[in-house]
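**Student:** Any chance you could fold what I've pasted below:
(4 chains)
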2 protein chains.
Amino acid sequence: MISLTEENYLKALFNLSNKSGEVNVNELSKWLQIKMPTVTSMMKKLARKKLVHYESYKPLRLTERGKKEAGLIIRKHRLTEMFLVEKMGFRWENVHEIAEQMEHVHSPDFFEKMDELLGFPKIDPHGSPIPDRNGKMVWREYNKLSDCKMGETVRLSAVINTSAEFLKFLNNREMRLGLKIKIKSVEPFDKTMIVSYGKKTSESLSHTVCERLLVEKGSG
Amino acid sequence: MISLTEENYLKALFNLSNKSGEVNVNELSKWLQIKMPTVTSMMKKLARKKLVHYESYKPLRLTERGKKEAGLIIRKHRLTEMFLVEKMGFRWENVHEIAEQMEHVHSPDFFEKMDELLGFPKIDPHGSPIPDRNGKMVWREYNKLSDCKMGETVRLSAVINTSAEFLKFLNNREMRLGLKIKIKSVEPFDKTMIVSYGKKTSESLSHTVCERLLVEKGSG
DNA sequence: GTATAAAGTTAGAACAATCTAACAAATAGA
DNA sequence: TCTATTTGTTAGATTGTTCTAACTTTATAC
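**Tutor:** So this is what the prediction gives:
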């Protein structure tokens, strides 16, 4: 049995894993706002439970089982977010906190029913992929807006940061998923972009913002 | 802040309170399947938090604040059960376990939205009243079927036991809320009732079952 | 290539929620 | 009313999750 606390560690490890699947203790400690010694001892415990590969002074890695369990928690989180938006009328900036609690509900039937009522969605309201029943998750080929060049036209496909503040920032600028964005220019000094989209002919987006917007190129 | 564990004690106290609002430590201990010394120490803690009136060797009583908090937890439980049945297509015997977990979700908005989508229901799928936003709950004037007499015709309004087994037992006999039931006879020895309802002309219901069925008299 | 800083670990304590064993008070039977 | 049973409490231990303080290892900077 995996406790609520352990579930939160697994999810954090999953979310922080880089391409090679590695996470540092310090990173995890800061993310969870839990002191390093506590994290170390929990990692030893999760290692005993075969959910994490742990060796002293080495980066942490989830085991296959750990990845699956974490994926299933994230599946519950994202299905919930989708349900809240699509079936209950919540806005995308108000679903994270609720999903954060619902992801710990143990009831396969409940989440299967959500999935069914939603028509088996592949992405959540922020464009993040919903892991399948085996906890497997695949990101489509997205680019950060900040990596695109002047003159390109792209489609907004996902947002990395799902904090209410950031999402409200996007709301205020009438930005939402699916939006077609044209890059008019890029300021060389601070990488601020001037873009046009919808009725906006000239909006300025800081590098910090552009790094958090994932887009698809050349999808018409 | 009230912990999940404390919430479960409050809810149990609320559910076990008799007319005078009293609950014994032993009773609570058996209900929660937690040993008496643990219950005693938790009661002292809840007394410190002004949620329970506690005096050594005296019966336990919720304070006004305790009653309110407990009522709000039960509100969340029952709204969830109603939502699961009305909006998600679950059957009444499958909602208790899920609601048991959802009742601990902290998000007034979430439950307000449920309430609104459901059209502000007064009762849950088992006929139990849903406490209002202040945690206040009122039972309508129901009688146990077991207290009714031969010849009476009554309407099934609520079920006391919400275990899946009992609800499946009722399903198997095509019994549901709103059903009009006529008492054909009562066996004096064991109080078994012979009743008719719907297409059934002669069904036998044990006293154990009749005690768990709440009915309204003379409502046409 | 050593000194310093950053990252990670060990040891020991604290708090919440649980238990068992032993004792005390209240209740019930004769 | 006296004793036996039931109910309730106290004391002390256990487990899970967290902390601080002190120490060790690894990485960084000159």
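
**Student:** and chain A, which residues reach chain B?
**Tutor:** For chain A, the residues found near chain B under the criterion CB under 8 Å from any CB of the partner chain are A:84, A:87-90, A:94, A:97-98, A:101-102, A:104-107, A:109-110, A:113-114, A:117. Where you see a C-beta, it was placed from the backbone N, CA and C, and this is true even at glycine.

**Student:** now with 7 Å?
**Tutor:** A:88-89, A:94, A:97-98, A:101-102, A:105-107, A:109-110, A:113, A:117 (CB under 7 Å from any CB of the partner chain).

**Student:** now A:Lys67, what's its secondary structure?
**Tutor:** Following DSSP: H, G, I helix; E, B strand; the rest coil, the label given to A:Lys67 is helix.

**Student:** For chain A, give me the ranges with low pLDDT.
**Tutor:** Scanning chain A for pLDDT under 70 picks out the ranges A:219-220.

**Student:** burial measure for A:Thr208, as a count.
**Tutor:** 13 (other CB atoms under 10 Å in any protein chain shown).

**Student:** what about it, helix or strand, and which?
**Tutor:** Using DSSP states H and E, A:Thr208 sits within helix A:207-210.

**Student:** Enumerate the positions of that helix that are buried.
**Tutor:** Buried residues in helix A:207-210, counting neighbours by 16 or more other CB atoms under 10 Å in any protein chain shown, are found at A:His207, A:Val209, A:Cys210.

**Student:** which ones are touching the first one?
**Tutor:** Right, A:His207. When contacts are counted by CB atoms under 7 Å, 6 or more residues apart in numbering or on different chains, A:His207 touches A:Ser146, A:Asp190, A:Lys191, A:Thr192.

**Student:** Skipping adjacent residues, who's closest to A:Ile181 in space?
**Tutor:** Distances taken as CB to CB, 6 or more residues apart in numbering or on different chains put A:Tyr197 closest to A:Ile181, at 4.5 Å, once the chain neighbours are dropped.

**Student:** Pull the contacting residues for that neighbour.
**Tutor:** The contact partners of A:Tyr197, taken as CB under 7 Å, 6+ apart, are A:Leu179, A:Lys180, A:Ile181, A:Lys182.

**Student:** In stretch A:92-107, which residues are buried?
**Tutor:** Using 16+ other CB under 10 Å as the test for burial, stretch A:92-107 gives A:92-96, A:98-105.

**Student:** so what does the helix or strand that comes right after the helix holding A:Thr208 touch, helix or strand wise?
**Tutor:** If you walk from helix A:207-210 toward the C-terminus, the next helix or strand you reach (DSSP H and E) is strand A:213-217. Packed against strand A:213-217 by the contact rule (3 or more CB pairs under 7 Å, 6 or more residues apart in numbering or on different chains; DSSP states H and E) you find strand A:143-144, strand A:153-159.
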